[in-house]
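Can you look at this prediction? I've put the sequence above it.
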Amino acid sequence: MSAAPEPVSPRSPRVSAARRLARRNFRGKERLFLAEGPQAVREAAGHRAAGTGTATLVELFATAEAAERHAGIVAAARDAGARVHLAADEVIADISTTVTPQGLVGICRFLDTPFEEILRTRPRLVAVLAHVRDPGNAGTVLRCADAAGADAVVLTDASVDLYNPKCVRASVGSLFHLPVAVGVPVERAVEGLKEAGVRILAADGAGDDDLDDELDHGTMDVPTAWVFGNEAWGLPVETRALADAVVRVPIHGKAESLNLATAAAVCLYASARAQRARGARA
């Protein structure tokens, strides 16, 4: 490292401010959130706001051991303009929301994208999380969307906070890879995507249409938004009614159902494959 991190006291106002970011109301007030662990901090250090180029990572707390082990990440944080603090293990434990902290905790600026900006990009594959309340599920679906090559993710106003620490961790860095809009009413999300030429598919275990049939009929290669519902009760009738089709993932074995993240991965990859095949034929 080019310079040693600044030692920080457990009673420092910086530590107190970082600790409060575990609470949603404080995150919203400050428009800052926590990114914990080397993977998340690495991605945060390399992220810049679209348009302005403003660095997302503003502050980093690291134990001496983590700063030595992840010297490249610390250097990247400093290159991004972040203030780097050397913190004792108990300070990291106090700030962290995990049971076993990994020695690095970053403070990041909010990075969600206005929904209208996503529409202007004419997206071809979008995941819409409607009424998804579990932060771990939301983060995992975001990770699946990133892996499948989706253009964006939309969290409706009835869904979990994108910046919940568990959601950030479950995304495993994918939060920093693709545009995410938050707080969009589901009706507005569907309406806007339809106007942008995107077909709306609601994922539901009781759907009238079968995913295999959709693939066989060649209807999956167009711009598509998948709408995923609540973990316990799925999508309300009124939300399903907004979709162009309600599609179920076929269960060929004896399992009763698939969990949200698994179903999302299957649906998103089915669309991604169909779209790639169309591109190869074009």
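Cool, got the structure. Numbering: from 1, shown residues only.

Now the terminal residues of stretch 88-100, how far apart.
One end of stretch 88-100 sits 14 Å from the other (Cα to Cα, to the nearest Å).

for stretch 44-54, same thing?
Chord length of stretch 44-54, first to last residue, is 12 Å (Cα to Cα).

Please renumber the chain so that the first residue is 33 from this point on.
Got it, first residue is 33 now, which makes that one stretch 76-86.

Show me the contact partners of that stretch.
Outside stretch 76-86, the residues that touch it by Cβ atoms under 8 Å, 6 or more residues apart in numbering are 67, 87-89, 92, 105, 108-109, 111-112, 114, 138, 140-141, 143, 145, 149, 208, 211. Yep, even glycine has a C-beta here, placed from its N, CA and C like the rest.

From the contact counts, what lies against the longest helix along the chain?
Ordering each helix of the chain by length in residues (DSSP state H) puts helix 292-313 first. Helix 292-313 sits against strand 157-161, helix 167-179, strand 231-235, helix 243-248, strand 256-260, with contacts defined as 3 or more Cβ pairs under 8 Å, 6 or more residues apart in numbering; DSSP states H and E.

That one vs helix 167-179, what angle?
Helix 292-313 runs at 10 degrees relative to helix 167-179, counting by axes from the mean of the first three to the mean of the last three Cα atoms, to 10 degrees.

What lies in contact with helix 292-313?
156-157, 159, 164, 166, 169, 172-173, 176-177, 179-182, 233, 235, 237, 243, 246-247, 250, 252-254, 256, 258, 260, 263, 279, 281, 290.

How about it, which residues are buried there?
Across helix 292-313, burial judged by 16 or more other Cβ atoms under 10 Å covers 292-293, 295-300, 302-304, 306-307.

how does the protein divide into domains?
Domain assignment for the chain by automatic domain parsing gives 38-141, 147-313.

okay if I get those domains as a markdown table plus mean pLDDT?
Output for the domains of the chain, formatted as a markdown table (pLDDT from 0 to 100):
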| stretch | mean pLDDT |
| --- | --- |
| domain 38-141 | 92 |
| domain 147-313 | 93 |
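
coming back round to it: output the helices and strands packed on helix 292-313 as a markdown table; include the columns distance to residue 62 and mean neighbour count.
Output for the helices and strands packed on helix 292-313, formatted as a markdown table (distance: least, Cβ to Cβ, whole Å; neighbours: other Cβ atoms under 10 Å):
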| stretch | distance to residue 62 | mean neighbour count |
| --- | --- | --- |
| strand 157-161 | 24 | 27 |
| helix 167-179 | 19 | 23 |
| strand 231-235 | 35 | 23 |
| helix 243-248 | 42 | 15 |
| strand 256-260 | 30 | 28 |
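
Serialize these to TSV and add fields for distance to residue 223.
Shown next, in TSV, are those (distance: least, Cβ to Cβ, whole Å):
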stretch	distance to residue 223
strand 157-161	12
helix 167-179	21
strand 231-235	10
helix 243-248	23
strand 256-260	11
